[in-house]
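Undergrad: Compute the structure for the input listed below.
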Amino acid sequence: MKNLLKLFKSTPKVAVIRLNGAIGTGRGSLTDTSLAPFIEKAFTKGKPKAVALLINSPGGSPAQSALIAARIRRLAAEEELEVFAFVEDVAASGGYWLATAADQIYADDNSVLGSIGVISGGFGFHEFLKSHGVERRVHTAGESKSMMDPFQPEKEEDVIRLKEIMSHIHMNFIKQVRQRRGAKLSGENLFNGEIWLGQQAVENGLIDGISHLVPEMKSRFGDKVQFKVYGPKKGLLARFGATVLAQIEERRLWARFGL
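TA: Predicted coordinates:
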């Protein structure tokens, strides 16, 4: 009878959601819409014992980061499943926001984590246009419609407004981290945009330990645990379809962390 029960005993399964790349910065990047079907399947298909997030992201859109993390938390509550995050090279800025969707976060000793801050970058071309005898004509209904126009000299009032917006986003980011990490947080300067390597992140309470996906899940669910990976695959068409500007922006995000 015992042997018969063993035959019908199901093998434990862990659903793995692959979150690789910049967040919401162009075609082929991570967005809530593109990830939704994979996240839904991970939580609902095949009765997994847990869901693991495999993260390698330098960040990107705050809104998309928040939407993706919120979807993960909603499904975790609905399906009553624990979520684990495993960081590869980077979980910084929006990438770390995604990691906070997990109940426990693990990383490699060499992983880069944190960057809990907000950044806005751009270029100013007004001197270039002037030197080439080019006149740009812009007409708006609403005095703020051309805020931070790269083809006009930077205006002090625009910078003040932009910093206000960034400050609000930064506070939302801090709120997310505090809600998800709670009393685990320790150390100073956690929210000033600083980055840390794996063990430093453990000491600051940003992650729970140094560990990798397979050994950690085997230690919890047994050596016979099986993994089912979900996530978009970037084929040749997706890579060639991305705009040059989107590729430059993603390259910039990775370069901030030496990658």
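Undergrad: for the chain, what helix or strand is lowest in average pLDDT?
TA: Per-element confidence for the chain was summarised using mean pLDDT, DSSP states H and E. The lowest value among helices and strands belongs to helix 236-241, with a mean of 48.
Undergrad: wait, Phe191 sits on Lys175?
TA: No. Contact between Phe191 and Lys175 fails when scored by CB atoms under 8 Å: they sit 10.4 Å apart. Using the backbone N, CA and C atoms, a C-beta is placed for each residue, glycine as well.
Undergrad: Show me which of these two is the more surrounded one.
TA: Set side by side, Phe191 and Lys175 show unequal neighbour counts under other CB atoms under 10 Å, the larger going to Phe191 at 16 against 10.
Undergrad: For that one, give its distance to Ala76.
TA: 25 Å (CB to CB, to the nearest Å).
Undergrad: Ala66 now?
TA: Separation of Ala66 from Ala76 (CB to CB): 16 Å.
Undergrad: Relative to Leu98, how far out is Val202?
TA: Plainly put, Val202 is 19 Å away from Leu98 if you go by CB to CB.
Undergrad: Which one of those two is surrounded by more residues?
TA: Set side by side, Val202 and Leu98 show more neighbours around Leu98, with 27 against 20, by other CB under 10 Å.
Undergrad: Would you verify that that one is located in a helix?
TA: Yes. Secondary structure assignment (DSSP: H, G, I helix; E, B strand; the rest coil) places Leu98 inside a helix.
Undergrad: which residues touch it?
TA: The contact partners of Leu98, by CB atoms under 8 Å, 6 or more residues apart in numbering, come to 19, 23, 53, 55, 57, 65, 68-69, 85, 91.
Undergrad: tell me the two of those that are most distant?
TA: The two members of the contacts of Leu98 with the most space between them (CB to CB) are Ile23 and Ala85, at 14.6 Å.
Undergrad: tell me the helices in the stretch 1-150 of the chain, going along the chain?
TA: For the stretch 1-150 of the chain, the helices identified by DSSP state H, counting those that start in this stretch occupy 2-8, 32-44, 62-79, 94-99, 126-131, in order along the chain.
Undergrad: Out of those helices, the one nearest Ser167 is which?
TA: Distances from Ser167 to each of these were compared by CB to CB, and the smallest falls on helix 62-79, at 12.3 Å.
Undergrad: tell me what that closest one is packed against?
TA: Counting contacts by 3 or more CB pairs under 8 Å, 6 or more residues apart in numbering; DSSP states H and E, helix 62-79 is packed against helix 32-44, strand 50-57, strand 82-92, helix 94-99, helix 156-181.
Undergrad: hang on, isn't Gly114 packed against Ala92?
TA: Yes. With contact defined as CB under 8 Å, Gly114 and Ala92 form a contacting pair (6.1 Å).
Undergrad: hey, what's in contact with both of the two?
TA: Listed as contacting both Gly114 and Ala92 by CB under 8 Å, 6+ apart are Ile195.
Undergrad: ok, and for stretch 45-64, which residues are buried?
TA: Residues of stretch 45-64 classed as buried: 48-62, 64 (neighbour count, 16 or more other CB atoms under 10 Å).
Undergrad: Correction: the previous question concerned stretch 37-46.
TA: 38-39, 42-43.
Undergrad: again with stretch 11-27
TA: Of the residues in stretch 11-27, those buried by neighbour count under the rule 16+ other CB under 10 Å are 12-26.
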